[in-house]
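> Fold the stuff below for me.
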Amino acid sequence: MPPNPAHQDPAYRRALWIVVILNVGYGVLEMIGGFIAGSQAVKADALDFIGDGAITFLGLLAIGWSLAWRARSALIQGIFLGLLGLGVLGTTIVRVFERTTPDAGLMGLLGMIALVVNVVSVLPLLRFRKGDANMRAVWLFSRNDAIGNAAVVIAAGLVAWLGSAWPDLIVAFGIAGLFLHSAWAIIRDARADLKAAA
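Residues are numbered from 1 along each chain as shown. Model prediction:
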């Protein structure tokens, strides 16, 4: 390891604290808003925010650990993200059979605020996205949020235009798929780091 590895950079710690505070804080507000709006996509996005905050906090704790332990932390993050994806997939399937059209205006507003929150969170992380498995996991979580937010805004427009719940449900399925894809990438990287540490 170089004498001052990126994962020990004080700027990285500050970036992680910004991500934790913004993600958990807005995730709770967005979850409440998701229930009020009746939007599965907004609730999935809120769950992603809260999960990101919790997992980023784990990444913050892991900064001073050895490569093997940081890789184990990333492995836990990947498994957690995979479980989130399966949870969103399951609840969205249930909602297919009890379709109600969400409040498109509130849904779009929550998505726009979420996108701003995410851009503020992601910008400090940009230069740390190519570190070890733990750093890449934090980056992927944050990137997923930004993609999910943009999709929620688009879905809100389609819900308003079509008067249908399907755009909301399709975006929720898409967010679940993104969770599962990123979970696989994080687990793969963590296993590679574990092999390197061994």
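> list the helices and strands the least confident helix or strand in the chain by mean pLDDT packs on?
None of the helices or strands of the chain scores lower by mean pLDDT, DSSP states H and E than helix 133-162, at a mean of 79. Counting contacts by 3 or more CB pairs under 8 Å, 6 or more residues apart in numbering; DSSP states H and E, helix 133-162 packs against helix 10-37, helix 40-61, helix 67-96, helix 104-122, helix 166-197. For glycine as for every other residue, the C-beta is placed from the backbone atoms N, C-alpha and C.
> Comparing those, which yields the minimum mean pLDDT?
Ranked by mean pLDDT, the helices and strands packed on helix 133-162 bottom out at helix 40-61, which scores a mean of 81.
> so what secondary structure elements neighbour it?
By 3+ CB pairs under 8 Å, 6+ apart, helix 40-61 packs against helix 10-37, helix 67-96, helix 104-122, helix 133-162, helix 166-197.
> Same list, these, but as JSON lines with distance to G53 please.
As requested, the helices and strands packed on helix 40-61 are exported to JSON lines (distance: least, CB to CB, whole Å):
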{"stretch": "helix 10-37", "distance to G53": "3"}
{"stretch": "helix 67-96", "distance to G53": "12"}
{"stretch": "helix 104-122", "distance to G53": "10"}
{"stretch": "helix 133-162", "distance to G53": "9"}
{"stretch": "helix 166-197", "distance to G53": "15"}
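> Quick check: which of the helices and strands packed on helix 133-162 is buried the most?
When you average the neighbours per residue for each of those (mean count of other CB atoms under 10 Å), helix 40-61 leads with a mean of 24.
> angle of it against helix 166-197?
Taking axes from the mean of the first three to the mean of the last three CA atoms, to 10 degrees, one finds helix 40-61 and helix 166-197 inclined to each other by 20 degrees.
> Which positions within the least confident helix or strand of the chain qualify as buried?
Within helix 133-162, the residues scored as buried using 16 or more other CB atoms under 10 Å are 133-153, 155-156, 158-160.
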